[in-house]
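*Asks:* The following comprises the amino acid sequence and a computationally predicted model.
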Amino acid sequence: MYYSTVALIPARAGSKRIPGKNIKTLGGHPLIAYAIQSAFDSGLFDEIYVSSDSARILEIAFHYGALGITRPPEFATDTSADDEWIVDVFEQMNDYGVKLPHYYAIVRPTSPFRTGYMIKRAFSEWNKKSLMKAVEPVKQHPEKMWERIGYYMQPLYPGNNHFYPTQSLKIFYVQNASLEFRARFDAHPFYQPFFTEGYEGFDLNTENDWILAEALIEKGYAKLPRIEKEPYDFTAV
């Protein structure tokens, strides 16, 4: 039986740390273009949708081949949860008579080094019955962390593991924003990890992240998905 699969790309206009982040130019194209391209390159998706409260972002998404869904302002705040805009996307699809997918991926614009191959790899590893979330080993181990208690501090984790070398401690993972897979039906409330490699899970959120991304590209340590389309013309009316 064939199950339809779509990619959902969240791209609200508001971004305090990097103003206009989702459409800021990196490597000749707006940041969101690489999320769209990697989704196309995977060959997995029946459609690619961008959810945004910005008409300009939706226009840019259309230029790069994605379909746009206007997001209500109340689902585009700094505190809006993913489930709010996801439910809105499916409700709008249903209102327009579009058949709802069985599977969907969340492909965020903030991971520009994600590739179509990575998305295919994740989908092939996914058991289709749980939620899959991209993760990577933590760089700062939680058992080396402390919390302040008045004038003193205590380990965040009880015990004496903070005395031991990091390499001897249990491996912990942190989620990155590069990819999630979910099933709309029959999904168990458990998370299956997808382990990103190299810079696949690089998450671009601050000005320092942006500077690092440009340096990685310039030095050839990381590559952006190749985009054949002409860059979006920001001067066009």
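*Replies:* Perfect, I can see it now.
*Asks:* contacting residues around the strand ranked longest in the chain?
*Replies:* Longest strand in the chain, counting residues (DSSP state E): strand 173-183. The contact list for strand 173-183, computed with C-beta atoms under 8 Å, 6 or more residues apart in numbering, reads 102-108, 110-111, 114, 118-119, 122-123, 126, 128-129, 131-138, 193-196, 200-203. All C-beta spots, glycine's among them, are computed from the backbone N, C-alpha and C.
*Asks:* Just the buried residues from these, in ChimeraX please.
*Replies:* The ChimeraX selection below is limited to those of the contacts of strand 173-183 classed as buried (16 or more other C-beta atoms under 10 Å):
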select :102,103,104,105,106,107,108,110,111,114,118,119,122,123,126,132,133,134,135,136,194,196,200,201,202,203
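*Asks:* hang on, the earlier thing: can you give me the mean pLDDT across the longest strand of the chain?
*Replies:* The average pLDDT for strand 173-183 rounds to 96.
*Asks:* residues of that strand that come out buried?
*Replies:* Within strand 173-183, the residues scored as buried using 16+ other C-beta under 10 Å are 176, 177, 178, 179, 180, 181, 182, 183.
*Asks:* quick one: terminal-to-terminal distance for stretch 223-230?
*Replies:* Counting by C-alpha to C-alpha, to the nearest Å, you get 18 Å between the two ends of stretch 223-230.
*Asks:* again with stretch 103-120
*Replies:* Taking C-alpha to C-alpha, stretch 103-120 runs 14 Å from one end to the other.
*Asks:* now that stretch, how far from the chain's geometric center?
*Replies:* With C-alpha atoms, centre = their mean, to the nearest Å as the basis, stretch 103-120 stands 7 Å off its chain's centre.
*Asks:* Please apply the same query to stretch 115-133.
*Replies:* 13 Å.
*Asks:* can you list contacts of it?
*Replies:* Applying C-beta under 8 Å, 6+ apart, the external contacts of stretch 115-133 come out as 5, 37-44, 103, 105, 107, 134, 175, 178-183, 186-194, 196-197, 200, 225.
*Asks:* Take those and keep only those in helices.
*Replies:* Applying DSSP state H to those, the entries found in helices are 37, 38, 39, 40, 41, 42.
*Asks:* Tell me which residue lies nearest the centroid of this protein.
*Replies:* residue 108 (2.9 Å; C-alpha atoms, centre = their mean).
*Asks:* these two touch, right, it and residue 36?
*Replies:* No. Between residue 108 and residue 36 there is no contact under C-beta atoms under 8 Å: 11.6 Å.
*Asks:* Show me what the helix ranked longest in the chain is packed up against.
*Replies:* Across the chain, the longest stretch assigned as helix under DSSP H is helix 82-95. Judged by 3 or more C-beta pairs under 8 Å, 6 or more residues apart in numbering; DSSP states H and E, helix 82-95 is in contact with strand 5-10, strand 47-52, strand 67-70, strand 103-106.
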